[in-house]
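# Everything below, folded, please.
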Amino acid sequence: MASYHIDQTDQKILSFLVKNARMPFLEIARECGVSGAAIHQRVKRLEANGVITGSRLLVKPQAIGLNICAFVSISLSEASKYNDVVNSLKKIPEVVECHFVTGKYALLVKLYCLDNDHLMEVLLNTIQKIPYIQATDTMIALDEAIDRQVWVKDYKSTSFLGDAKIAK
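Residues are numbered from 1 along each chain as shown. This next block holds a predicted model:
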């Protein structure tokens, strides 16, 4: 994929869409001082270049009874079985994120459960039974102090795709 430059208008568009993905393009256009068609074209270009990967409706877990947020660090018995383990984790609906990480553990998984009993059931009877999972370490989140998208407003330079840079 060819490199491209993200200018200040693109930065403004991204900052508005991160705050409100449903913000009308005409409103963004007024804020940016360009036409609605220009915003539409720029958003399409940002999507085509992989900067914007979609928009989605977010559901507050507690509103639907998922009162436990937990992070599970997972060590593998065989590092080469990473993909097999991740494919198994994808089948567990409580798992909402999975990261391959550095350090003592290979994977960091975020999951939501109804209560502590549900969490224990998922850990003992699902996650820990996945082949090649050697050990787990679970932390329960007591509060989510910060919940936001990536910050885009004042980046001086960044790399979204290879050597893509924000134009000055």
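# Endpoint to endpoint, stretch 57-70 covers what distance?
Using C-alpha to C-alpha, to the nearest Å, the end-to-end distance of stretch 57-70 comes to 22 Å.
# cool, and stretch 108-125?
18 Å.
# how near is F25 to I13?
Counting by C-beta to C-beta, to the nearest Å, the gap from F25 to I13 is 9 Å. In short, each C-beta sits where N, CA and C put it, glycine included.
# Look at these two and report which has more neighbours.
Using other C-beta atoms under 10 Å, the more surrounded residue of F25 and I13 is I13, with 27 against 19.
# hang on, the earlier thing: anything in contact with each of F25 and I13?
I39, V43 (C-beta atoms under 8 Å, 6 or more residues apart in numbering).
# just so I have it, where are all the strands in the protein?
5-6, 68-76, 95-100, 107-113, 133-141, 165-166 (DSSP state E).
# For the fifth one, name the packing helices and strands.
Meaning strand 133-141. Using 3 or more C-beta pairs under 8 Å, 6 or more residues apart in numbering; DSSP states H and E, the elements in contact with strand 133-141 are strand 68-76, helix 116-125.
# Between strand 107-113 and it, find me the angle.
Counting by axes from the mean of the first three to the mean of the last three C-alpha atoms, to 10 degrees, strand 133-141 points 50 degrees away from the direction of strand 107-113.
# Can I get strand 133-141 in CSV? Just the C-alpha atoms.
What follows is strand 133-141, C-alpha atoms only, in CSV (Å, rounded to 0.1, in the frame of the first residue of the first chain):
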residue,chain,number,x,y,z
ILE,A,133,-2.4,-23.0,27.9
GLN,A,134,0.2,-23.6,30.7
ALA,A,135,-0.9,-21.1,33.3
THR,A,136,-3.2,-18.1,33.9
ASP,A,137,-3.1,-15.1,36.2
THR,A,138,-6.4,-13.2,36.6
MET,A,139,-7.0,-9.7,37.7
ILE,A,140,-10.4,-8.3,38.3
ALA,A,141,-10.9,-4.6,37.4
